[in-house]
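*Asks:* structure, please.
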Amino acid sequence: MTATPASGLLDRISERELLDGVLARAREGQSAVLVIRGEAGIGKTALVRYTARRASGFRVAQVTGVEAEMELPFAGIHQLCAPLLDHLDSLPQPQRHALNVALGVAAGDAPERFLVGLAVLGLLSAAADERPQLCLVEDAQWLDAASGTVLGFVARRVLAESVAIVVTVRDPTTRQEFDGLPEMLLHGLPEEDARTLLMRAVPIRLDDRVRDRIVGETRGNPLALVDLPRSMSPSELEGGFGLLSASDLPRHIEGHYLRRAGELPEATRRLLLLAAAEPIGDATIVWRAASSLGVERSSLAPAEDAQLVEIGTRVRFRHPLVRSAIYRAASSSDRRAAHRALAEATDPDTEPDHLAWHRAHAAVGVDEDVAAELERSAERARGRGGAAAAAAFLAHAAELTPDPAKRGRRALAAAQVKFHAGASDAALELLATADLAPLDELQRARLDRLRAQISFERTRGSDAPAPLLAAARRLEPLDPALARETHLEAIAAAMFAGRLGGTPDVHEAAEAARVAPANRPASRRTGDQVHRGLRGWSAAAPARARCIHSRRGIDRARGALVVAGVPAGAGSLGRRAVA
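*Replies:* This next block holds a predicted model:
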């Protein structure tokens with residue numbers, strides 16, 4: 001599926017000139033970064049392919065964000081670094097080790113993303129010493145969080161290297177890793193170009209009013225201009241009745257792809273589902289799974305003829321909506337069969353986490369063996385710094401766990417990681433599951449603490465300090481160190497809520513922390529530093545509480561915590577509460 005005018009490059013003269021300039025600067029030894037933003041189907045991919053064709057003399061590395069891979073840490077970095085690993089020895093040992101751990105080829109604690117970012121930057125710099133380097137990052141809105149953070153870090157720090165980075169992001173998006181970088185906001189085609197593209201896509205002559213209405217409804221979106229007329233009846237094309245509103249475009253386009261896929265032979269549809277269910281897009285795994293289901297390679301041809309997918313060394317759908325539409329439309333039994341075949345085709349030694357993921361989606365009912373696999377995958381994901389992946393593995397493990405006590409433990413662990421990954425709604429749902437399980441006293445106390453943390457995170461209200469303080473007191477005889485961290489969180493919440501007249505106030509929260517049982521004297525944990533510091537600070541707390549109603553009062557109270565031996569915002573809530 002090569003880029004043609006019918007796929008979104010009609011004209012786009014100014015955009016192409018800007019991309020040519022990016023390549024020219026890299027050829028001259030200066031780095032260049034460009035973020036292309038726009039809605040689905042607006043032509044971002046066509047511009048990326050144009051850039052790749054123009055990159056004569058460059059080494060090209062491509063990264064494609066995949067929705068199904070968003071919870072797999074450093075999946076995007078794996079795509080980027082795979083062709084650059086011959087320069088790995090040029091990196092300092094700490095960076096080399098951090099990158100190896102992130103890529104899953106070495107064991108170790110969760111790598112610091114700063115070190116991983118420096119390692120990727122070093123690889124690109126070393127590669128650029130040989131020849132200019134072009135990095136193409138597509139669908140960045142679907143990168144896993146770790147890869148997005150690292151790539152944003154790298155894009156802000158390439159300087160005098162011959163490195164060009166072009167990123168595409170679908171708008172609207174909540175992702176912020178590439179904010180502030182040079183960007184191009186891609187709009188629909190100009191009216192005249194949109195008419196030309198529409199005429200090429202429709203084999204019959206259109207009434208001028210129908211043509212203009214289609215152009216207007218699609219707002220010049222190239223993919224919609226090409227695909228929508230194919231789904232319209234002759235009467236709609238001839239008379240212009242029943243055209244959709246622009247807000248319905250993605251849903252309508254997805255429906256169009258489903259109809260097109262539904263017309264394909266059964267074996268081809270089965271192959272498409274396998275391709276859609278395989279998150280890393282590994283063509284070898286897809287073909288191996290297809291063979292086990294009796295699907296021949298010749299079954300690909302109808303899907304390629306329908307311009308839905310191409311399978312080379314990797315699976316590449318015409319549009320992300322094709323992948324999501326095919327997967328969502330399949331029956332649950334068909335999806336399970338696809339994941340079962342993919343699990344059998346996945347190497348347990350090199351891809352244990354993908355194997356566990358497929359086995360989980362293939363499971364019917366509860367299955368302790370699969371749940372235990374997922375729990376191990378969660379530990380590996382946490383070791384690579386992938387909080388979102390660990391949370392997803394643990395949440396699915398809880399669903400598959402037959403033993404109520406184990407289910408509660410796993411649901412509580414998943415809720416904790418979900419919260420730290422920024423998914424408080426999902427965390428609350430998992431807490432509801434854990435709450436029904438036979439938890440021990442420490443687990444109950446942890447559940448109370450997490451529920452209080454989520455309440456404060458969501459409302460910032462005056463009712464937040466009390467449950468945090470209650471959780472801290474419940475933890476005191478069970479886990480003194482965690483109790484003092486929770487006391488700190490109660491103080492932070494009281495600081496924030498003080499202006500609203502919350503109870504307890506800062507003084508009461510500080511006093512409760514002061515009288516909490518002390519940990520071992522030799523302990524260096526943050527909670528112990530706070531405990532010692534608050535012995536001197538709490539006497540001044542009433543005066544601080546009186547001035548807490550002002551912004552300056554909050555800043556002074558935060559400063560007091562620093563004096564107490566805690567970096568500003570320490571603690572899982574303090575990082576959010578007092579900043």
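
*Asks:* hey, let's count contacts and neighbours off CA atoms from now on
*Replies:* Noted.

*Asks:* tally of neighbours for residue 436?
*Replies:* 12 (other C-alpha atoms under 10 Å).

*Asks:* can you tell me the closest non-neighbouring residue to residue 438?
*Replies:* Spatially, and ignoring its direct neighbours in sequence, residue 438 is nearest to residue 405 (5.4 Å; C-alpha to C-alpha, 6 or more residues apart in numbering).

*Asks:* my guess is the one you found meets residue 439, correct?
*Replies:* Yes. With contact defined as C-alpha atoms under 8 Å, residue 405 reaches residue 439; the gap is 6.4 Å.

*Asks:* so which of those two has more stuff around it?
*Replies:* Taking neighbours as other C-alpha under 10 Å, residue 405 and residue 439 compare with residue 439 leading, 19 against 16.

*Asks:* spit out the contact partners of that one.
*Replies:* By C-alpha atoms under 8 Å, 6 or more residues apart in numbering, the contact list for residue 439 reads 405, 408-409.

*Asks:* how's this structure carved up into domains?
*Replies:* According to automatic domain parsing, the chain comprises the domains 5-185, 191-243, 464-577.

*Asks:* so where does the residue nearest to residue 438 fall, helix or strand?
*Replies:* helix 404-420 (DSSP states H and E).

*Asks:* what packs against that helix?
*Replies:* helix 387-400, helix 424-435, helix 441-459 (3 or more C-alpha pairs under 8 Å, 6 or more residues apart in numbering; DSSP states H and E).

*Asks:* could you check the angle helix 441-459 makes with that helix?
*Replies:* 30 degrees (axes from the mean of the first three to the mean of the last three C-alpha atoms, to 10 degrees).

*Asks:* what about residue 60, distance to residue 17?
*Replies:* 19 Å (C-alpha to C-alpha, to the nearest Å).

*Asks:* who's in contact with the nearest residue to residue 308 once chain neighbours are set aside?
*Replies:* Nearest non-adjacent residue to residue 308, counting by C-alpha to C-alpha, 6+ apart: residue 318, 5.1 Å away. Contact analysis of residue 318 by C-alpha under 8 Å, 6+ apart lists 1, 307-310.

*Asks:* which of those residues lies closest to residue 166?
*Replies:* For these, the residue nearest residue 166 by C-alpha to C-alpha is residue 1; the value is 20.3 Å.

*Asks:* if we can go back for a sec, neighbour count winner among residue 60 and residue 17?
*Replies:* Neighbour count, other C-alpha under 10 Å: between residue 60 and residue 17, residue 60 has more, with 16 against 11.

*Asks:* in a strand, that one, correct?
*Replies:* Yes. Counting by DSSP: H, G, I helix; E, B strand; the rest coil, residue 60 falls inside a strand.

*Asks:* so the closest residue in space to it that isn't next to it in sequence, which of the three states?
*Replies:* For residue 60, ignoring the flanking residues on the chain, the nearest one in space by C-alpha to C-alpha, 6+ apart is residue 134 at 4.8 Å. Under three-state DSSP, residue 134 falls in the strand class.

*Asks:* could you do residue 41 as well?
*Replies:* Going by three-state DSSP: residue 41 is coil.

*Asks:* what's the answer for residue 315, then?
*Replies:* strand.

*Asks:* can you tell me how far it sits from residue 271?
*Replies:* From residue 315 to residue 271 the distance is 11 Å (C-alpha to C-alpha).

*Asks:* higher neighbour count, those two?
*Replies:* When neighbours are counted by other C-alpha under 10 Å, residue 315 and residue 271 differ, and residue 271 comes out ahead with 24 against 20.

*Asks:* dihedrals phi and psi, that one?
*Replies:* phi -60, psi -40 (degrees, to the nearest 10).

*Asks:* and the nearest residue to it once chain neighbours are set aside, which helix or strand is it part of?
*Replies:* With C-alpha to C-alpha, 6+ apart as the criterion, residue 271 has its nearest non-adjacent residue at 6.4 Å, and that residue is residue 290. Using DSSP H and E, the element containing residue 290 is helix 283-292.

*Asks:* what sits against residue 187?
*Replies:* Per C-alpha under 8 Å, 6+ apart, neighbours of residue 187: 38, 42, 220-221.

*Asks:* cutoff 10 Å now
*Replies:* Counting by C-alpha atoms under 10 Å, 6 or more residues apart in numbering, residue 187 touches 37-39, 42-44, 219-221.

*Asks:* could you dump these into JSON lines and include neighbour count, distance to residue 328 and pLDDT?
*Replies:* Shown next, in JSON lines, are these (neighbours: other C-alpha atoms under 10 Å; distance: C-alpha to C-alpha, whole Å; pLDDT from 0 to 100):
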{"residue": "37", "neighbour count": "23", "distance to residue 328": "26", "pLDDT": "94"}
{"residue": "38", "neighbour count": "20", "distance to residue 328": "24", "pLDDT": "90"}
{"residue": "39", "neighbour count": "18", "distance to residue 328": "21", "pLDDT": "85"}
{"residue": "42", "neighbour count": "24", "distance to residue 328": "23", "pLDDT": "87"}
{"residue": "43", "neighbour count": "27", "distance to residue 328": "25", "pLDDT": "87"}
{"residue": "44", "neighbour count": "26", "distance to residue 328": "24", "pLDDT": "91"}
{"residue": "219", "neighbour count": "19", "distance to residue 328": "27", "pLDDT": "76"}
{"residue": "220", "neighbour count": "24", "distance to residue 328": "28", "pLDDT": "81"}
{"residue": "221", "neighbour count": "25", "distance to residue 328": "24", "pLDDT": "83"}
